[in-house]
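Student: Sequence plus the predicted model coming up.
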Amino acid sequence: MPDPVSQSTDPEEQSSGILHVPEAPSWLQIRNLGRMPYSEALSLQRSLQKEVQERRDESAGTGYLLLLEHDPPVVTVSRRPGAAKNVLAGPEVLARHGIERCETDRGGDVTYHGPGQLVAYAIVDLDRIGLRIHAWIRLLEQAIIDTLGDFGLTAGRDTGATGVWVGRRADDADGIGGRKIAAIGVRVSRWVSMHGLALNVDPDLNHFGLIVPCGLVGRPVTSVAAELDDGSGLSMNVVRQRLATRLGDAISIAERAASNADV
């Protein structure tokens, strides 16, 4: 069981942007990139994905988990047919709010990224950890659910809608699915993943009103800060470390299971 509150206090480690997660596999490099424009992060992911693909036959191999916030804020539009219609605001309105618009190659629909939202991009060889795309998405969802549980929030999945949800819908017999707190969108090439998840810690929720988030009409969006009584004082550093720990541990467990299956 990972210690969700473990956090490196090594100044050299913190300044280098490296997060110390003992539960993670040794080949997984976990980096805190701070705040970064979307286009820059996308270019970095593509470069790292190519590196992981080229090094997959090495015994040590490599993989990356990038944790960051996007600044300036951005609306991203996937290649899914009809996704663009879910951007409700025109260019002038987006510009007035200081929000960029970018086309992207991940799965999903339309989403928003900005300061206060914790993004985790995982560039991982899924063959190495024995997972296919749907199982990988479930792993990302569960890591978020476990992270939120560390803060006392009950969260879960919603049948037919990828992501993580809190609260209750009137028509939801399972009691999960009321408010979306995290979105997931991935892309896999030659079984190496990129993109990942976005957890709303304390972003400007008004910005989500400029789009139909994930193309789901009438489904509200929330944040950790909005759901917790004392959430306004929540530290992004603490949430980042807990999510990194949960993801690192989950990837390690998946790799061990894959290795045992090969024996």
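Tutor: It's in. Computed from a predicted structure; not experimentally measured.

Student: Is residue 119 in contact with residue 73, as I believe?
Tutor: No: if you go by C-beta atoms under 8 Å, residue 119 and residue 73 don't touch, sitting 11.8 Å apart. (Glycine included, C-beta is placed from N, CA and C.)

Student: shared neighbours of the two, which are they?
Tutor: Shared contacts of residue 119 and residue 73, defined by C-beta atoms under 8 Å, 6 or more residues apart in numbering, are found at residue 113.

Student: just the strands in the stretch 151-263 of the chain please.
Tutor: Assigned by DSSP state E, counting those that start in this stretch, the strands in the stretch 151-263 of the chain fall at 156-158, 161-166, 179-189, 192-200.

Student: deepest of those strands, which one?
Tutor: A comparison of the strands of the stretch 151-263 of the chain by mean neighbour count, using mean count of other C-beta atoms under 10 Å, puts strand 192-200 on top with a mean of 24.

Student: what angle separates it from strand 179-189?
Tutor: Counting by axes from the mean of the first three to the mean of the last three C-alpha atoms, to 10 degrees, strand 192-200 lies at 170 degrees to strand 179-189.

Student: what about strand 192-200, distance to the chain center?
Tutor: Remark: strand 192-200 is offset 4 Å from the chain centroid, using C-alpha atoms, centre = their mean, to the nearest Å.

Student: Which elements pack onto it?
Tutor: If you count contacts as 3 or more C-beta pairs under 8 Å, 6 or more residues apart in numbering; DSSP states H and E, strand 192-200 packs onto helix 38-54, strand 117-123, helix 133-150, strand 179-189.

Student: Tell me the helices and strands packed up against the first one.
Tutor: What that stands for is helix 38-54. With contacts taken as 3+ C-beta pairs under 8 Å, 6+ apart, helix 38-54 sits against strand 63-70, strand 100-103, strand 117-123, strand 192-200.
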